[in-house]
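Asker: test case, fold it:
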Amino acid sequence: MIRRQVQHTNVLITPRDHLQPTHVLIPPRNHQQIPEFNLQLKEQECLSSLKRCKNMEEFKQAHAQILKWGLFWNSFCASNLVATCALSVWGSMAYACSIFCQICEPGTFQFNTMMRGHVKDMNYEEAVLVYADMLERGIEPDNFTFPALLKAGALLRALDEGMQIHGQILKLGLHDDLYVQNSLINLYGKCKKIELSCAVFETMDQKSVSSWSAIIAANASSGLWSKCLMLFGDMNSEGFGEPEESILVNVVCACAHLGALQLGKCAHGSLLRNISSLNVIVQTSLINMYAKCGAIQEAVSLFKKMPDKNQLSYSAAISGLAMHGQGREALKLFSDMLREGLEPDAVIYVGVLSACSHCGLVDEGLQFFEQMKSEYGVEPTIQHYGCMVDLLGRAGLLIEAYDLIKNMPMKPNDVVWRSLLSACKVHQNLEIGEIAANELLQSNSKNPGDYLLLSYMYARTGRWEDVSQVRTELADKGISQAPGFSSVEVQRKIYRFFSQDVKWPHHDGISDMIHQMEWQLKFEGYVPDTSQVLLNVQEEEKRQRLRGHSQKLAIAFALLNTSRGSPIRVTRNLRMCSDCHTYTKYISLIYEREITVRDRNRFHHFRDGTCSCNDFW
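Answerer: Predicted coordinates for the structure are as follows:
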């Protein structure tokens, strides 16, 4: 409870009997000796001087005048003093606290001001304690109390205290206040209680743009990207035509995660129409969106046009180029950053090492790994070691990768062992692969992909009993794999297809298209890679299962529903299998389409029968 917290915490607002004032109080003058008219004039002069203050020195002079004329005991003057000192950009919360402590009977306004001031200064716990003191003194909160208080609770992720405050809001009958409702949506969203955010939102009789912003942000905090776009569409349909910057930034982030390029472009257009100048954070979000939606050239173009670049924008551009397999370009950008005098940090080096990994630049990667320690004093983290293991593993240097893991200064995590296991699958090294898999299983890994990688290696060598044992262990532990799916954007709508699923729209048309594609593929020499099917069944059944892979279904749907020659962009939740990779290369040649596929690890750009990864993935 909040009251108990006050009893056991060093409270900011100490009892008045123990105050150590930081300024001299002058007793109020005898008002009978001063004409009332002159006193009112002095009060107006003092308040005017407060409004003109631009720094603490000027404020203290105005404060001294108020004390000199005995106006501090006027609650209106005292309130203005506290508000000016606590809420001004140049103000001081410590000084505001000293003024607040001298007020004999502070009211709701003064307490509200102190809470707002603490939130402004990011002293969130102090804001909650001021509220607790307010209740202890019997001062009743009003509708202006809770927006700042709930913001403090949201930033503290204080769900229990937030729910107590919500209960007090209901008791006071303030639950219908628009600003209070928006703050509750934000609180529950920050605390990952999206169902409570939605419950508040749905009960609102009247919504503002800020209400939509709060609920979209709440869904974004929980990673519900599709819901973000649905809500944005609902907001537009209800006539809220000019969205706030924060809404559009969340929409851009949603598009980045879903690979929805056309919707992302629409959000970019709305930003340009509604905001005169995009700041660095918004521009960086747009670079990230274009890169993750497969439009790396647009991302680079936007980056080059930025008048002011920082480490974050360079990191987004370097990581974007790395994901698209443009390692040399990413390293060139890194060199440009150094020439501009920007100091590289740990995040930048993750992008640089990833660029080396995706393009097989082993020597360069080793050089940068040493450089970050020796020249810039950046101590390698587990993420950097993971990049190096991935780099060596992709290049087939499995022994070197394993030795690096054994000599790491920290305990390897699941990601590091998983990178080694994945490399062992690609290079068919069962011996080291079993070591990596055993480490993962001993760590009680709940990732079904770890078991499937091991079972794949067993299947490649015909060890079907071992495959069955791995599958049995998966079932015994209650671990189920998330179904593989692929999403494709057609006419600004996102369509999702699951592997082996026949419950999609226009099923007959897709099935016919798949048969037509396979007929064309035969003439190009395509042979299905049935080793990708981890079942001990007949070859024909394996080919049938390959036919139902989600990526192929998404491409077939896009070929049916987009204009000839237009690009196709597919987003997958799992790593692409080698059969889908070969299949898509042929399709790009036969149908003369540029096909971009984003899987869990990187982007593949298929054009004229080739892939941007040069089959190094």
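Asker: where does pLDDT dip in the stretch 201-350 of the chain?
Answerer: 241 (pLDDT under 70).
Asker: that should have said the stretch 51-200 of the chain, apologies.
Answerer: 74.
Asker: at which residues are the helices of it located?
Answerer: Applying DSSP state H, counting those that start in this stretch to the stretch 51-200 of the chain gives helices spanning 56-68, 75-87, 93-102, 108-120, 124-136, 146-156, 159-172, 178-190, 194-202.
Asker: of the ones you listed, which is nearest I215?
Answerer: Closest to I215 of the helices of the stretch 51-200 of the chain, according to C-beta to C-beta: helix 194-202, at 4.6 Å. In this view, the C-beta of every residue, glycine as well, is placed from N, C-alpha and C.
Asker: helices or strands next to the closest one in the packing?
Answerer: Other elements packing on helix 194-202 under the criterion 3 or more C-beta pairs under 8 Å, 6 or more residues apart in numbering; DSSP states H and E are helix 178-190, helix 209-221.
Asker: about what we covered before: got CSV for the helices of the stretch 51-200 of the chain, with distance to I555 too?
Answerer: Converted to CSV, the helices of the stretch 51-200 of the chain look like this (distance: least, C-beta to C-beta, whole Å):
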stretch, distance to I555
helix 56-68, 65
helix 75-87, 57
helix 93-102, 59
helix 108-120, 51
helix 124-136, 49
helix 146-156, 43
helix 159-172, 44
helix 178-190, 36
helix 194-202, 33
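Asker: output those as a markdown table; include the columns mean neighbour count and distance to D345.
Answerer: Below are those laid out as a markdown table (neighbours: other C-beta atoms under 10 Å; distance: least, C-beta to C-beta, whole Å):
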| stretch | mean neighbour count | distance to D345 |
| --- | --- | --- |
| helix 56-68 | 17 | 34 |
| helix 75-87 | 20 | 34 |
| helix 93-102 | 19 | 31 |
| helix 108-120 | 23 | 28 |
| helix 124-136 | 21 | 27 |
| helix 146-156 | 24 | 24 |
| helix 159-172 | 17 | 32 |
| helix 178-190 | 25 | 26 |
| helix 194-202 | 17 | 32 |
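Asker: wait, which of those helices is closest to G462?
Answerer: helix 194-202 (47.5 Å).
Asker: give me the mean pLDDT for the helix or strand hosting V597.
Answerer: In this assignment (DSSP states H and E), V597 forms part of strand 595-598. Across strand 595-598, the average pLDDT comes to 93.
Asker: what of stretch 460-478?
Answerer: Per-residue scores along stretch 460-478 average to 83.
Asker: other residues contacting that stretch?
Answerer: 428, 430, 441, 446, 448, 451, 454-455, 458-459, 480, 531, 534, 536 (C-beta atoms under 8 Å, 6 or more residues apart in numbering).
Asker: what ranges does the stretch 501-617 of the chain have for its strands?
Answerer: 568-572, 595-598, 603-607, 610-611 (DSSP state E, counting those that start in this stretch).
Asker: ok, which of those comes nearest M337?
Answerer: Once the strands of the stretch 501-617 of the chain are compared by C-beta to C-beta, strand 603-607 is nearest, at 22.1 Å.
Asker: what strands line up against that closest one, and which way round?
Answerer: strand 595-598 (antiparallel), strand 610-611 (antiparallel) (DSSP bridges).
Asker: most packed of those?
Answerer: strand 595-598 (a mean of 24; mean count of other C-beta atoms under 10 Å).
Asker: any chance you could list what contacts that one?
Answerer: With C-beta under 8 Å, 6+ apart as the criterion, strand 595-598 contacts 259, 292, 294, 323, 551, 555, 567-572, 576, 584, 587-588, 603-607.
Asker: host element of the closest residue to R492 other than its chain neighbours?
Answerer: Closest residue in space to R492, ignoring its immediate chain neighbours: Q262 at 4.9 Å, by C-beta to C-beta, 6 or more residues apart in numbering. Here Q262 sits within helix 261-274, counting by DSSP H and E.
Asker: name the helices or strands packed onto the helix or strand following that helix?
Answerer: With elements assigned by DSSP H and E, the helix or strand that comes after helix 261-274 is helix 280-292. Counting contacts by 3+ C-beta pairs under 8 Å, 6+ apart, helix 280-292 packs against helix 245-258, helix 261-274, helix 296-305, helix 311-323.
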